[in-house]
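Trainee: No sequence on hand, only this structure:
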Ligand SMILES: *Cc1c(COP(=O)(O)O)cnc(C)c1O
């Protein structure tokens, strides 16, 4: 059976990208590598609508986050960490692990943060050195209103705005310059159509200024050293050469599709999936849903993981269940990166058959396809 990866990461990798990564490894201290790396930097600038490129690191996304904490903060610095999901909580734990005074701004899972909660925390901690948020909380499927927090922080020279954009980059128009983000972190295996293994970290001039006197220990992720190398289209240590080749190809594909079309596609697939779930009588989990994933309550009475397992058995689909407290309570369909309308139609049609088989009867066969088609047709209209 075809492998159908609709997880909230990793996500499918296009054949073109796979082939580009299957070539011989070129030596990285060569002009040939520098040319490819320079073009990757240009592509990433284009994607983020920025005049500066993010640094590309050989690690999972969490590595870039660790680099952010190590490079831009000092022991004892107060940072506000916005919760509301597994990743938000991870950054709180990580900040504490590195000796920061991390203040939790708790958010009910499934909800987006209230701007007033952030305003109040800023009043209580006027000298805080950073605010950390996850733009798209992959564990709950929520999109937080991070842009509004950027507005709140833009005139505070001592406070850095750190955004986990791991399931936002390549999905919507996240633009750190325009949105007053100081540090944007991302990874390869979500919206970027790549395998796991690369991380990206973009930093503002304000952040680099802080970096020069931040005092936490760092070595592999010494970003000043990395920046110096990457300014010359090199990397401080051996880069993940094959993944850089893949990145080059993925960015070519993105340019061919066009940014606006990429963002429209994600928005369309997300709206179609949500409309489909509602048409099946299922309840959406996220109050303010992200364009990258749809999280849905598992219907009452269905055993944990039954939908997940049946989709796997029926069509070799991989979706995801809930994590931590949400285990068995929700399922999550990923629709980011190399995912198209037909993938969504396939998973919805399969889901209908499975739900009927599992004894869930609150819908008429075809209901989700009808609801999604009303939205998916926008994509075809724009092609003619
Ligand atoms: C996947 C993900 C991460 C973790 O990335 P790794 O590559 O597994 O280290 C962090 N934050 C968000 C929002 C994610 O979706």
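Mentor: That came through fine. Every value quoted in this text rests on a predicted model; they were computed, and no experiment measured them.
Trainee: Between its first and last residues, what's the separation in stretch 91-104?
Mentor: 10 Å (Cα to Cα, to the nearest Å).
Trainee: can you map out the helices along the stretch 201-350 of the chain?
Mentor: 205-211, 223-231, 241-257, 259-279, 306-315, 341-357 (DSSP state H, counting those that start in this stretch).
Trainee: Could you give the backbone dihedrals for the residue nearest the centre of the chain?
Mentor: In the chain, the centroid-proximal residue (Cα atoms, centre = their mean) is residue 167; its distance is 1.2 Å. Backbone torsions for residue 167, taken as degrees, to the nearest 10, come to phi -110, psi 30.
Trainee: Surely it touches residue 10?
Mentor: No - counting by Cβ atoms under 8 Å, residue 167 sits too far from residue 10 to count as a contact (11.5 Å). Just so you know, the C-beta spots here come from the backbone N, C-alpha and C atoms, and that holds for glycine as well.
Trainee: Between those two, which contacts overlap?
Mentor: Contact criterion Cβ atoms under 8 Å, 6 or more residues apart in numbering; residues shared by residue 167 and residue 10: residue 190.
Trainee: Which positions within stretch 13-32 qualify as buried?
Mentor: Within stretch 13-32, the residues scored as buried using 16 or more other Cβ atoms under 10 Å are 13, 14, 17, 20, 21, 28.
Trainee: what's the answer for stretch 207-224, then?
Mentor: For stretch 207-224, by 16+ other Cβ under 10 Å, it's 207, 208, 210, 211, 214, 218, 221, 222, 223.
Trainee: Put together a markdown table for the helices of the stretch 201-350 of the chain, with distance to the ligand on each row.
Mentor: A markdown table is the format used below for the helices of the stretch 201-350 of the chain (distance: least, Cβ to the nearest ligand atom, whole Å):
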| stretch | distance to the ligand |
| --- | --- |
| helix 205-211 | 19 |
| helix 223-231 | 17 |
| helix 241-257 | 13 |
| helix 259-279 | 14 |
| helix 306-315 | 18 |
| helix 341-357 | 19 |
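Trainee: So which of the ones you listed is nearest residue 144?
Mentor: Residue 144 sits nearest to helix 259-279 of all the helices of the stretch 201-350 of the chain, at 15.5 Å, using Cβ to Cβ.
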